[in-house]
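A.B. asks: A structural model of the following input is requested.
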Amino acid sequence: MALAGAGAAQTIDPSACAAALRFAATNRGVSVLVLQDGKQVCASPEATLMERHELWSGTKSFLGLIAAAAVQDKFLALDEPVATTVPEWSSDPLRRTITIRHLLSMTSGQASQIGRPPGYADALNAAVNAPPGTRFQYGPTPSQIFGEVMRRKLLSSGRPGDVRQYLQERLLTPIGIANVTWRMGPDGAPLMPQGASLSAREWARVGEFVRVGGRLNGVPLVDPETFAQLFKGSDANPAYGLSWWLARQTPARDVVSQTSDIPRNITSLPGDLVYAAGIGDQRLYVIPSHGLTIVRQAQLDLAVITRGQSGWSDTKFLTTLISAR
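C.D. replies: As a prediction, this is how the structure comes out:
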């Protein structure tokens with residue numbers, strides 16, 4: 001899936017913008033920001049765009065970008081066994097076949113409890129219940145394992161072993177995002193599956209970086225081949241790449257895969273749509289063919305989620321914006 005689209009000349013219709021803003025606001029909305037070819041074409045009030053909010057699982061989509069940077073820095077490969085860095089896995093017949101790609105695609109074979117990330121050490125000890133690559137199991141454990149792998153690799157390469165610091169210095173600061181707020185896990189290490197807080201304007205910078213193919217001023221900030229791999233689904237779940245959701249149908253029946261209606265409406269949406277998603281309908285959508293980066297942030301209401309009464313529809317929001325173009 002190529003992500004460096006040229007964009008379209010036509011802009012968002014004002015009435016479509018107003019309708020999308022209304023729909024977002026009536027569903028616990030905090031902010032909406034729409035950029036076309038890098039220019040603001042639809043937005044909620046400026047004050048809402050500047051306040052930081054937790055991305056929740058939208059944080060996970062940083063992991064693929066971290067991996068692509070580490071590949072460019074020559075201390076990681078997508079298809080290397082995790083056991084290369086975690087030798088205590090070498091004697092286990094299943095664990096020793098798990099790769100970095102398996103971790104990032106949620107197909108590494110570990111079940112985990114959504115919303116309750118273990119510490120890095122506990123994640124390494126999580127039971128393996130399926131051969132790697134055969135089953136999509138969304139949850140925090142693979143992301144935390146990736147955090148420990150990165151910690152060890154950073155130290156081995158002579159860098160500080162803080163994944164958050166690596167992301168900040170390597171990618172976020174260059175694209176104009178300073179000092180990201182990030183929660184720590186139970187072991188005091190940075191959380192990988194959740195925990196980052198960004199404003200709508202900051203999250204849009206991440207989206208723009210993705211939209212233009214992982215480049216800054218035309219120069220790749222990450223390994224281009226690895227970057228392209230982030231947006232290819234697995235056999236176990238074609239709708240999930242390496243830490244990014246894709247506009248694809250999916251056989252996965254886990255609660256998170258079923259939260260968005262995008263897989264059920266792919267004929268109504270651009271095929272190159274990719275997105276980061278967090279609980280409470282936090283969204284970063286990137287549609288290179290339309291030149292679009294779209295941020296939607298919302299208040300997290302666990303009672304609404306528990307009752308299954310979110311009311312949010314990714315498809316309705318997106319088609320409202322782009323169908324009138």
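A.B. asks: all contacts plus neighbour counts: C-alpha atoms, from now on.
C.D. replies: OK.
A.B. asks: Look up how far R296 lies from G207.
C.D. replies: Separation of G207 from R296 (CA to CA, to the nearest Å) stands at 12 Å.
A.B. asks: Residues that sit against both of those two, list them.
C.D. replies: Common neighbours of G207 and R296 are listed as L284 (criterion: CA atoms under 8 Å, 6 or more residues apart in numbering).
A.B. asks: And the strands in the chain, which stretches?
C.D. replies: 29-36, 39-43, 53-54, 181-182, 196-198, 215-216, 219-220, 245-246, 274-278, 282-287, 292-298 (DSSP state E).
A.B. asks: Need the contact partners of the first one.
C.D. replies: Outside strand 29-36, the residues that touch it by CA under 8 Å, 6+ apart are 7, 11, 21, 24, 40-45, 48-49, 200-201, 204, 290-299.
A.B. asks: Now list the buried members of those residues.
C.D. replies: With neighbours counted by 16 or more other CA atoms under 10 Å, the contacts of strand 29-36 contain buried members at 7, 11, 21, 24, 41-44, 48-49, 200-201, 204, 290-299.
A.B. asks: Centre of the chain to stretch 207-225, how far?
C.D. replies: 15 Å (CA atoms, centre = their mean, to the nearest Å).
A.B. asks: err, stretch 271-281, not the other one
C.D. replies: Using CA atoms, centre = their mean, the offset of stretch 271-281 from its chain centre is 7 Å.
A.B. asks: Could you do stretch 55-75 as well?
C.D. replies: Averaging C-alpha positions (CA atoms, centre = their mean) puts stretch 55-75 9 Å from its chain's average.
A.B. asks: list the buried ones in stretch 205-221?
C.D. replies: 205-215, 220-221.
A.B. asks: Ignore what I typed, I meant stretch 160-170.
C.D. replies: G161, D162, V163, R164, Q165, Y166, L167, Q168, R170.
A.B. asks: Please narrow the residues you listed to those residing in helices.
C.D. replies: V163, R164, Q165, Y166, L167 (DSSP state H).
A.B. asks: From H290, how far off is I322?
C.D. replies: I322 is 9 Å from H290, by CA to CA.
A.B. asks: still on that earlier bit, for the buried residues of stretch 205-221, which one is nearest D122?
C.D. replies: V206 (30.3 Å; CA to CA).
A.B. asks: residues contacting the closest one?
C.D. replies: V206 touches L172, I175, counting by CA under 8 Å, 6+ apart.
A.B. asks: separation between the residue nearest to the spatial centre of the chain and V210?
C.D. replies: Most central in the chain under CA atoms, centre = their mean is S61, positioned 2.1 Å from the mean C-alpha point. To V210, S61 is 11 Å away according to CA to CA.
A.B. asks: next one: P288
C.D. replies: 9 Å.
A.B. asks: Going by distance to T84, which of the ones in helices among the buried residues of stretch 160-170 wins?
C.D. replies: Among these, and counting by CA to CA, the member closest to T84 is V163, at 18.4 Å.
A.B. asks: any chance you could map the helices in the stretch 201-325 of the chain?
C.D. replies: 224-229, 302-307, 314-322 (DSSP state H, counting those that start in this stretch).
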